[in-house]
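J.: pasted the sequence and its predicted model underneath.
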There are 2 protein chains.
Amino acid sequence: MRIVVALGGNALGNTPKEQLELVKHTSTCIAELVSQKHEVVIVHGNGPQVGMIQTAFDEAGQSNGNVPLMPLPECGAMSQGYIGYHLQNGIKNALEERKLIRDVATVVTQTLVDENDEAFETPTKPIGAFHSKTEAEEISRATGLPFVEDSGRGYRAVVASPKPLDIVEKNSIRQLLKNETIVIAAGGGGIPVVRTKTGLKGIPAVIDKDRSSAVLAQIIDADAFVILTAVDQVALDFGKPTERKIPKMSTAEAKAYIEEGHFAKGSMLPKVEAAIDFVSGKPEAKAVIAALEDAAEAVRGEKGTVVHYE
Amino acid sequence: MRIVVALGGNALGNTPKEQLELVKHTSTCIAELVSQKHEVVIVHGNGPQVGMIQTAFDEAGQSNGNVPLMPLPECGAMSQGYIGYHLQNGIKNALEERKLIRDVATVVTQTLVDENDEAFETPTKPIGAFHSKTEAEEISRATGLPFVEDSGRGYRAVVASPKPLDIVEKNSIRQLLKNETIVIAAGGGGIPVVRTKTGLKGIPAVIDKDRSSAVLAQIIDADAFVILTAVDQVALDFGKPTERKIPKMSTAEAKAYIEEGHFAKGSMLPKVEAAIDFVSGKPEAKAVIAALEDAAEAVRGEKGTVVHYE
């Protein structure tokens, strides 16, 4: 089976030290899944990591004239290198421990978005460090990013979260899969680029990694799309006394649950939506939302919540 | 022909803005070379860029408790993502302008070194920001890195520059070449890793990118190894009234010139040594040291300095 795995924030860490530890555990779960002879592409989030990188450059730029402002696409690219290195190192080691000889490689990935995407009209995602009003105005002039007052702690830049349309490096990802390489790609949803007269150009935005992985899964014709997170199953009435977990749901049921407001925005909702998108495009395939630790069983449909087309 | 191209510092930039501009020019030179139907792997340096990243984290860590210390291997991984993104974007655009449809992908790369390499006994490469004595002692305790007083401006960490032995992601690089993908790999010489009982582990060190590209060229059985830099030919008595440029030299001649002290350490010397290493391992192949702008002609042996085995 060809599988796209989306890794949630619980698979990574807030500092390099913490991340190296967490990635050891994550890599064990991924190695378990790989040992079943699948072709695997891993897409990871990067929220805290890209925030850390941007904060480092923002803060250092204020105290040190030699540190330049670092635009968001470049910060995202750095986070792909940083997280990709930890994952490819950790997974390779976990595979070797199981006497599995497979290559593991991170492909730096750009994701195409439409510059007329309506998300650009009302940017809502706060990113980077908190700034004073004066600093914010200065950075805004230099970068063109709008700033908003955020929770009484100062001003932060806000960017849009446009829809992913295409994965620029898709052929390279496909080519590596032919060789049974475990591929880490589209990290953080991919570096957002728009098409201009002179080619592709990076743009400050944040692409939801669940949406990007659904698009990648469709493009590379995956048989399964596995979204790994901190909970073992999707729940209705999450956190209420009436909470109940669901082992499976059809796309029709899932859409009805969304309508009823069961899934939290920015948390379970994008995962369920990404699952629906994928199986709607390929009805014979399956999507599973499961706990990181249950990755191998989830692929066999034994754990997690299966989303199927209907 | 399968070609490994090593890009010097003049191909990149000190800030993201400057780098985007310089990479446009670099990409034009690379596209020219690609248009001759070669398989191309590009290895770039990362000295100023990894320095910038490390300085950003060092400085921000001092003023902001939320920014963690960032170890050198992780900074190197970030620089691969950052520079790789600019190069793959720029080269793809330059190829499209020439109606050439080829994929371009950056592979995050680890380079194996020996932890008993004698370079680790006397680390000499200064990296990152300047610190006060107290700060230096603090960071040294946290990271284990030695610090030295540097040119009266404060204390800087120093690391070793060990010999590259193997390129961990070599199979993935080979696999992408089969598909005629332009591969960007082993950026900054690769992230240095050593073999431990529990697998490969990142280690703070700096690997010379010319040496790593020579190793990579050997491993993937390249037909040509092209080292692009800011001068159009290797010169004897460089900078003296007796300066003379040489269009070609045998490995025996090159070794004699090295003995005579013609090539500057950290500048032309590692390039000439890398060229000798490569053609010594594959006598029927050729190495060329040339200006970035002459890349395409250099591959045909029409410009630059050719180093051949003898």
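T.: Great, that's in hand. Residues are numbered from 1 along each chain as shown, chains lettered A, B, ... in the order given.
J.: going forward, measure contacts between C-alpha atoms and count neighbours the same way
T.: Fine.
J.: residues in contact with the residue nearest to the spatial centre of chain A?
T.: Central residue of chain A (C-alpha atoms, centre = their mean): A:Lys209, 2.7 Å from the mean position. Listed by C-alpha atoms under 8 Å, 6 or more residues apart in numbering or on different chains, the contact partners of A:Lys209 are A:Ala6, A:Val43, A:His44, A:Gly45, A:Ala186, A:Gly187, A:Gly188, A:Gly189, A:Gly190.
J.: A:Gln175 now?
T.: Neighbouring residues of A:Gln175 by C-alpha under 8 Å, 6+ apart: B:Gln175, B:Leu176, B:Asn179.
J.: where do the strands of the stretch 51-200 of chain A begin and end?
T.: Taking DSSP state E, counting those that start in this stretch as the test, the strands found in the stretch 51-200 of chain A are A:104-107, A:110-112, A:125-131, A:147-149, A:155-159, A:166-167, A:182-185, A:191-196, A:199-202.
J.: okay, those in CSV with distance to chain B, mean pLDDT and mean neighbour count next?
T.: Compiled in CSV, those are given as follows (distance: least, C-alpha to the nearest C-alpha, whole Å; pLDDT from 0 to 100; neighbours: other C-alpha atoms under 10 Å in any protein chain shown):
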stretch, distance to chain B, mean pLDDT, mean neighbour count
strand A:104-107, 5, 98, 30
strand A:110-112, 8, 98, 27
strand A:125-131, 10, 81, 20
strand A:147-149, 20, 90, 19
strand A:155-159, 16, 89, 23
strand A:166-167, 12, 98, 22
strand A:182-185, 9, 98, 27
strand A:191-196, 9, 98, 21
strand A:199-202, 5, 96, 19
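J.: nearest to B:Thr124, of those strands?
T.: Among the strands of the stretch 51-200 of chain A, the nearest to B:Thr124 by C-alpha to C-alpha is strand A:104-107 (30.7 Å).
J.: packing partners for the closest one?
T.: helix A:72-97, strand A:182-185, strand B:104-107 (3 or more C-alpha pairs under 8 Å, 6 or more residues apart in numbering or on different chains; DSSP states H and E).
J.: hang on, the earlier thing: for the residue nearest to the centre of chain A, give me phi and psi.
T.: Phi and psi for A:Lys209, reported as degrees, to the nearest 10, are phi -70, psi -30.
J.: with adjacent residues omitted, what lies nearest to it?
T.: Leaving aside its chain neighbours, A:Lys209 sits nearest to A:Gly189 (3.8 Å; criterion: C-alpha to C-alpha, 6 or more residues apart in numbering or on different chains).
J.: separation between that neighbour and A:Arg153?
T.: Using C-alpha to C-alpha, to the nearest Å, one obtains 28 Å as the distance from A:Gly189 to A:Arg153.
J.: confirm for me that A:Met52 is in contact with A:Tyr82.
T.: No. Using C-alpha atoms under 8 Å, A:Met52 makes no contact with A:Tyr82, being 11.6 Å away.
J.: the helix or strand harbouring A:Leu22 and chain B, are they touching?
T.: Secondary structure from DSSP states H and E places A:Leu22 in helix A:16-34. Yes. Against chain B, helix A:16-34 shows contacts by C-alpha under 8 Å from any C-alpha of the partner chain at A:Pro16.
J.: now the next helix or strand after that helix against helix A:16-34, angle please.
T.: Counting by DSSP H and E, the next helix or strand C-terminal to helix A:16-34 is strand A:39-44. Taking axes from the mean of the first three to the mean of the last three C-alpha atoms, to 10 degrees, one finds strand A:39-44 and helix A:16-34 inclined to each other by 150 degrees.
J.: who are the packing partners of strand A:39-44?
T.: strand A:2-7, helix A:170-178, strand A:182-185, helix A:209-219.
J.: what helices and strands are in contact with the helix holding A:Leu22?
T.: Against helix A:16-34 (3+ C-alpha pairs under 8 Å, 6+ apart) you get helix A:72-97, helix A:295-299.
J.: for the stretch 201-310 of chain A, which segments count as helices?
T.: Applying DSSP state H, counting those that start in this stretch to the stretch 201-310 of chain A gives helices spanning A:209-219, A:251-259, A:268-281, A:295-299.
J.: can those go into TSV with extra columns for mean pLDDT?
T.: Formatted as TSV, these follow (pLDDT from 0 to 100):
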stretch	mean pLDDT
helix A:209-219	97
helix A:251-259	97
helix A:268-281	96
helix A:295-299	94
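J.: redo those as TSV? Include distance to B:Phe57.
T.: TSV is the format used below for the helices of the stretch 201-310 of chain A (distance: least, C-alpha to C-alpha, whole Å):
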stretch	distance to B:Phe57
helix A:209-219	26
helix A:251-259	41
helix A:268-281	32
helix A:295-299	34
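J.: of the ones you listed, flag the one that's most buried.
T.: Of all those, helix A:209-219 has the most neighbours on average by mean count of other C-alpha atoms under 10 Å in any protein chain shown, namely a mean of 25.
J.: the helix or strand of chain A with the lowest mean pLDDT pairs with which strands, parallel or anti?
T.: When each helix and strand of chain A is scored by mean pLDDT, DSSP states H and E, strand A:125-131 comes last, with a mean of 81. Taking DSSP bridges as the criterion, strand A:125-131 forms sheet pairs with strand A:155-159 (antiparallel).
J.: interface residues of the stretch 1-150 of chain A facing chain B?
T.: Near chain B, when you scan the stretch 1-150 of chain A using C-alpha under 8 Å from any C-alpha, you find A:15-16, A:52-53, A:55-57, A:59-61, A:63-64, A:67-68, A:70-71, A:74-75, A:77-82, A:84-85, A:89, A:93, A:96-97, A:103-110.
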